[in-house]
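*Asks:* structure for the following, please:
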Amino acid sequence: MSSLDSDSPEQRGSTGGRCLQVGRRRLVYQSPGNGAVQRSGDLVMTIMDERLGRAVLYLARRLALPVLLLMVSWSMANSVAAQGIALPDDILPQAREQTDEGTINDSPRANWSNDRYGPPSIPSPIDVELLPPFGANLFTGGFRGTMADGLNRDYRIKPGDQVTLRAWGAVEFDRVVPVDAQGNIFLPSIGPLAVQGMSHSQLDARVREAIQSIYPENVQVYTNLQGVQPVGVYVTGYVHSPGRYAGTPSDSILYFLDQAGGIDNALGSYRSISLMRQGQRLASFDLYDFLLDGRIARPQLRDGDTIVVGERGPSIAVTGDVERAYRYELQSGQLSGSDLVSLARLKSGVSHVLLRGERATGPVATYLTLDEFLARQVQPGDEVIFNADHQEGTIVVALEGSFLGPSRFALPRDARLGELLDAVAILSDMSASHNVSIRRESVARQQKEALEDSLRRLETTYLGTSSSTDEEARIRIREAELIQMFVARARQLEPSGRLVVASDQGVADIRLQDGDVITLPEAMDSVLISGEVVVPQAVVYQPGSGLDHYLDAAGGLTQRGDEDNILVVRQNGAVRNADDITLRAGDEILVMPAVPTKNLQLATSLTQILYQIAVATKVAIDL
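*Replies:* Alright, predicted model coming up:
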């Protein structure tokens, strides 16, 4: 396709910079490095004022608005246009200082490069005071719902256990015998046999040896540990429900901690848990080992053992671009950056770390590269914010529509639309390349925010308005129902984020952004009629045919259709009033609904939002 000549005289301003034709105005912006200051804010405001002014005057003529209401509507339109636009010269009084000579002092008021200050552009996305400790969700998995059966390979037999004994051949017996207080079981015709402290496999060998010492031939032996003596274990310390809980000797401490309601996330430690027996510490547990690697000690519990959860030690807060944003408890008083990275599990693209904390010299906020942070020591009370602050040298954009070749391109960050279009192969008789447009995420977000702001003002203005008479109250109720249904439907719509870059003067050679989707539409030979028509459909384009021809082909307008508000959506995404343009192939005729209210001020507000929705979504929402 033909290239976009960015050096043509039509695209140059008197100052030597590039320019973009906007209606009858020229929006001039300087090329980088010429030292000029951009002043597009006033022009943007002027363009918005003109467009809103024309819309308000049009509505005034159609609705016969009184002069006073017209002035109010014009004032409201100006206030809407002014929202969210800050002129370049709008600065805080303290941002610049006037010297005695009246010149501006632009010198910095503080040295923001030292360790006492952190970059103000990287706030913590999470309130660290509300940050849960690492492991806070551990006791939501139902440990208490499964009790061990006591038959694990490391279980040691103790008094009270039940053993099944079977022998056949030279001697026969089949019975369940208990392990007595001395740790013995009684074998018929043989006598007591000490089994306390044995494992299950050792039990079978020991019984077989004892029987075969009396009956050396033709004897088969079978043993099984049928049941274990339950134990009662005390759970105390920083748990939600301290108490004595029943279980088996083979149950994990997680089973008993879950029985006690889990660890107190505000005060309890996940790294300092002790098993006490007769006043002595039998074992210590660090649940980080279980959370990270699934490792946990499994000592055999006894009746009367005590599990004690200690108080949480010093901790650090980790937020930002991490998979695990938690408070991490320290055991040795400090932690290396590399250890913290392994705990937090960084998201892809993390390149920098903001480290905040207190030191002997005072508060510190240091911005480090990830490599620098790995060798640093993190201390108690620190806050660590991981950040993907690396600007890639390339952007990725996508193509859709009618073209040949790949649909995704990796381009330099300063790439412009013209460069991409020059590299795309198209069939000139099949692609409407002059109607190119861009779908951009940032534009979609702005459209969504603007629509939400308009809907919020609509609710604030008209819902809850007092009435002086019963008749007026009934009217207000009907209007409120209309507004609520309209707002509910409008909020479900998602703006397309379509950026209009093509006009009768050509295609604007704008800079592309990462994630842009450039649309090269197919050459069309039809016109689509939608909105408030009887039979929405596409019909063959006929040169010279007017609006009425296509509306008749769609069966005419419905009862809700507004013949004074019909829009045309161009293939390039531009939305125009049908009275102001000549139809061409690929256009979409969009018949807007009439506003079902006699309240002229409400009708004006609803009409403005309907236009806003039509521009952002190409949808004529039903009232």
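*Asks:* tell me the SS of residue 549?
*Replies:* Here residue 549 is helix, with the state taken from DSSP: H, G, I helix; E, B strand; the rest coil.
*Asks:* now it. Nearest residue, chain neighbours left out?
*Replies:* Closest residue to residue 549 apart from its sequence neighbours, by C-beta to C-beta, 6 or more residues apart in numbering: residue 542 at 7.0 Å. In this view, the C-beta of every residue, glycine as well, is placed from N, C-alpha and C.
*Asks:* tell me the secondary structure for that neighbour?
*Replies:* Of the three states, residue 542 takes coil under three-state DSSP.
*Asks:* which positions in stretch 269-285 come out as buried?
*Replies:* Neighbour-count burial for stretch 269-285 flags 269, 270, 271, 272, 273, 274, 275, 276, 285 (criterion: 16 or more other C-beta atoms under 10 Å).
*Asks:* same thing with stretch 285-301?
*Replies:* For stretch 285-301, burial by neighbour count (16+ other C-beta under 10 Å) applies to 285, 286, 287, 288, 290, 291, 299, 300, 301.
*Asks:* coming back round to it: grab the two from the buried residues of stretch 269-285 that are most spread out in space.
*Replies:* Using C-beta to C-beta, the two most remote members of the buried residues of stretch 269-285 are 270 and 276, lying 18.2 Å apart.
*Asks:* which residues does residue 262 contact?
*Replies:* 138, 139, 239, 240 (C-beta atoms under 8 Å, 6 or more residues apart in numbering).
*Asks:* in strands, which of these appear?
*Replies:* Applying DSSP state E to these, no entry is found in strands.
*Asks:* nearest to residue 344, of those residues?
*Replies:* Closest to residue 344, out of all of the contacts of residue 262 and judged by C-beta to C-beta, is residue 138, at 16.9 Å.
*Asks:* dump the residue contacts of the closest one.
*Replies:* Under the criterion of C-beta under 8 Å, 6+ apart, the contact partners of residue 138 comprise 254, 262, 263, 270, 287, 291.
*Asks:* picking up where we left off before, turn the contacts of residue 262 into JSON lines, including pLDDT.
*Replies:* Formatted as JSON lines, the contacts of residue 262 follow (pLDDT from 0 to 100):
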{"residue": "138", "pLDDT": "87"}
{"residue": "139", "pLDDT": "85"}
{"residue": "239", "pLDDT": "94"}
{"residue": "240", "pLDDT": "93"}
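*Asks:* one step back: for the buried residues of stretch 269-285, give me JSON lines that also has pLDDT, distance to residue 222 and secondary structure.
*Replies:* Shown next, in JSON lines, are the buried residues of stretch 269-285 (pLDDT from 0 to 100; distance: C-beta to C-beta, whole Å; DSSP: H, G, I helix; E, B strand; the rest coil):
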{"residue": "269", "pLDDT": "93", "distance to residue 222": "47", "secondary structure": "strand"}
{"residue": "270", "pLDDT": "92", "distance to residue 222": "45", "secondary structure": "strand"}
{"residue": "271", "pLDDT": "91", "distance to residue 222": "46", "secondary structure": "strand"}
{"residue": "272", "pLDDT": "92", "distance to residue 222": "46", "secondary structure": "strand"}
{"residue": "273", "pLDDT": "94", "distance to residue 222": "40", "secondary structure": "strand"}
{"residue": "274", "pLDDT": "95", "distance to residue 222": "41", "secondary structure": "strand"}
{"residue": "275", "pLDDT": "95", "distance to residue 222": "35", "secondary structure": "strand"}
{"residue": "276", "pLDDT": "95", "distance to residue 222": "39", "secondary structure": "strand"}
{"residue": "285", "pLDDT": "93", "distance to residue 222": "38", "secondary structure": "strand"}
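*Asks:* adding distance to residue 159, write the residues you listed out as CSV.
*Replies:* Formatted as CSV, the buried residues of stretch 269-285 follow (distance: C-beta to C-beta, whole Å):
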residue, distance to residue 159
269, 35
270, 35
271, 35
272, 33
273, 28
274, 26
275, 21
276, 21
285, 27
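*Asks:* of those residues, closest to residue 199?
*Replies:* The closest of the buried residues of stretch 269-285, once distances to residue 199 are taken by C-beta to C-beta, is residue 275, at 20.6 Å.
*Asks:* the closest one bridge partners, please.
*Replies:* Beta bridges link residue 275 to residue 283, residue 307, judged by DSSP bridges.
*Asks:* kindly report the same for residue 168.
*Replies:* Here residue 168, judged by DSSP bridges, has bridge partners residue 220.
*Asks:* from residue 330, how far off is it?
*Replies:* Plainly put, residue 168 is 62 Å away from residue 330 if you go by C-beta to C-beta, to the nearest Å.
*Asks:* so for these two, which residue has more residues nearby?
*Replies:* Neighbour count, other C-beta atoms under 10 Å: between residue 168 and residue 330, residue 330 has more, with 19 against 13.
*Asks:* got the contact list for that one?
*Replies:* Residue 330 makes contact with 313, 314, 315, 316, 380, according to C-beta under 8 Å, 6+ apart.
*Asks:* for residue 114, give me the pLDDT.
*Replies:* On pLDDT, residue 114 comes in at 40.
*Asks:* re the thing from before, from the buried residues of stretch 285-301, which one has the minimum pLDDT?
*Replies:* Note: of the buried residues of stretch 285-301, the lowest pLDDT belongs to residue 300, at 84.
*Asks:* list the contacts for it?
*Replies:* Taking C-beta under 8 Å, 6+ apart as the contact definition, residue 300 lies against 154, 155, 156, 249, 250.
*Asks:* quick check on the residues you listed: which are buried?
*Replies:* Applying 16+ other C-beta under 10 Å to the contacts of residue 300, the neighbour count classes 155, 249, 250 as buried.
*Asks:* who's in contact with residue 237?
*Replies:* Counting by C-beta under 8 Å, 6+ apart, residue 237 has contacts 268, 273, 307, 308, 309, 310, 311.
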